[in-house]
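**Q** sequence and predicted model, in that order:
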Amino acid sequence: MQNKIKHVFFDLDHTLWDFETNSRETLDEIHHRFELGERGMDLMKFIHAYEKVNSGMWALYRENAITKEELRDKRFQETLLEMGVVSKSLAHEISEYYLFNSPRKSNLFDHAHFVLDYLKSRYTLHIITNGFEEAQKIKLDRSNLNSYFTEVITSEQVGFRKPNRFIFDHALNTTGANASESVMIGDDLEADVLGAMNCGFEGVFFNPKEVPIGKDPKYDYKEINCLSELRQIL
Ligand SMILES: [Mg+2]
């Protein structure tokens with residue numbers, strides 16, 4: 001794909017910014033700070049309960065069944081409930097701590113800076129993310145990623161989430177890129193890779209956990225398990 005590509009679009013969460021590690025570090029701090037161990041909560045059970053509740057709430061949010069505020073408010077209430085604790089005020093304090101601190105964590109996937117330095121000297125780089133505007137800005141800032149990217153497109157700003165084609169069309173308009181000279185790299189096969197390919201982009205599927213996925217022959221995307229592999233294909 002080397003010759004024609006001019007614009008490289010990245011997803012942020014779980015692709016460059018190591019969401020799981022950053023979230024778990026914050027939950028570990030919460031477990032200490034709010035003395036959840038003293039309340040009988042095992043750290044790993046707390047983390048797993050949160051991750052399960054959170055992904056269920058995100059599914060509801062994606063279906064527009066709950067608002068951003070409800071998502072943020074209720075996920076810790078539900079987590080505490082799963083752990084046998086009923087306390088709206090504790091859930092609220094934990095939620096505030098999480099929202100403030102998690103985006104300020106700076107764990108990235110291996111070789112992120114090295115690969116971005118390499119790509120930046122050859123292509124114009126952008127972000128297309130389904131995350132919230134404010135949180136994504138903080139993440140890019142705190143993990144020193146800002147300087148790599150010309151445009152940062154968030155679903156909150158556009159009003160549509162990947163894989164909806166409106167967000168990809170919006171990204172092409174904003175950056176002045178043609179789809180045929182663009183590649184999208186992300187960890188969500190459906191939302192990032194196939195979504196972008198349906199708009200004419202090339203696609204790269206980032207699969208760091210090497211989850212086996214049956215490939216639809218209709219879509220000719222590349223799969224990588226480590227960001228450093230981008231140097232071989234771009
Ligand atoms: Mg992602």
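**A** Nice, I can see it.
**Q** quick one: contacts for whatever residue of the chain ends up closest to the ion?
**A** Relative to the ion, the nearest point of the chain is H14 (3.9 Å; C-beta to the ion). (C-beta placed from N, C-alpha, C; glycine too.) If a contact means C-beta atoms under 8 Å, 6 or more residues apart in numbering, then H14 has E20, D187, D188 as its contacts.
**Q** A179 now?
**A** By C-beta under 8 Å, 6+ apart, the contact set of A179 is F168, L172, C199, G200, F201.
**Q** wait, the third one touches D169, no?
**A** Put plainly, it is C199. Yes: C199 is within contact range of D169, at 6.5 Å (criterion: C-beta atoms under 8 Å).
**Q** tell me which of those two has more neighbours.
**A** Counting neighbours by other C-beta atoms under 10 Å for C199 and for D169 shows that C199 has the greater number, 18 against 15.
**Q** for that one, helix, strand, or coil?
**A** coil (DSSP: H, G, I helix; E, B strand; the rest coil).
**Q** quick one, domains of the protein?
**A** The chain breaks down into these domains under automatic domain parsing: 7-18+108-233, 19-104.
**Q** quick check: buried residues in stretch 132-139?
**A** F132, A135, Q136, I138, K139 (16 or more other C-beta atoms under 10 Å).
**Q** my read: the second one touches P103, true?
**A** Just to be clear, that refers to A135. Yes: between A135 and P103 there is a contact under C-beta under 8 Å: 4.4 Å.
**Q** ok so, going back, of the contacts of A179, select the buried ones using a PyMOL command.
**A** This is how PyMOL selects the buried members of the contacts of A179, with burial counted by 16+ other C-beta under 10 Å:
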select buried, resi 168+172+199+201
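**Q** near the ion too, which of the contacts of A179?
**A** Counting by C-beta under 5 Å from the ion, nothing from the contacts of A179 sits close to the ion.
**Q** redo the contacts of A179 as JSON lines? Include pLDDT.
**A** Shown next, in JSON lines, are those (pLDDT from 0 to 100):
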{"residue": "F168", "pLDDT": "98"}
{"residue": "L172", "pLDDT": "98"}
{"residue": "C199", "pLDDT": "97"}
{"residue": "G200", "pLDDT": "97"}
{"residue": "F201", "pLDDT": "97"}
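**Q** before we move on, back to that, which of the domains of the chain is buried the deepest?
**A** Highest mean neighbour count of the domains of the chain: domain 7-18+108-233, a mean of 18 (counted as mean count of other C-beta atoms under 10 Å).
**Q** can you list the residues of this protein near the ion?
**A** Within the chain, the positions near the ion by C-beta under 5 Å from the ion are D11, D13, H14, T15, D187.
**Q** so which of these comes closest to S89?
**A** Proximity of the residues of the chain next to the ion to S89 (C-beta to C-beta) peaks at D13, which lies at 29.0 Å.
**Q** and the closest residue to that closest one other than its chain neighbours, what's its pLDDT?
**A** Spatially, and ignoring its direct neighbours in sequence, D13 is nearest to F19 (4.5 Å; C-beta to C-beta, 6 or more residues apart in numbering). As predicted, F19 sits at a pLDDT of 97.
**Q** correct me if wrong: F19 contacts D11.
**A** No: F19 lies out of contact with D11 (C-beta under 8 Å); the separation is 10.5 Å.
**Q** all helices of this structure, in order?
**A** With DSSP state H as the criterion, the chain has helices at 19-33, 43-62, 68-82, 88-101, 112-120, 133-142, 155-158, 165-175, 195-197, 230-233.
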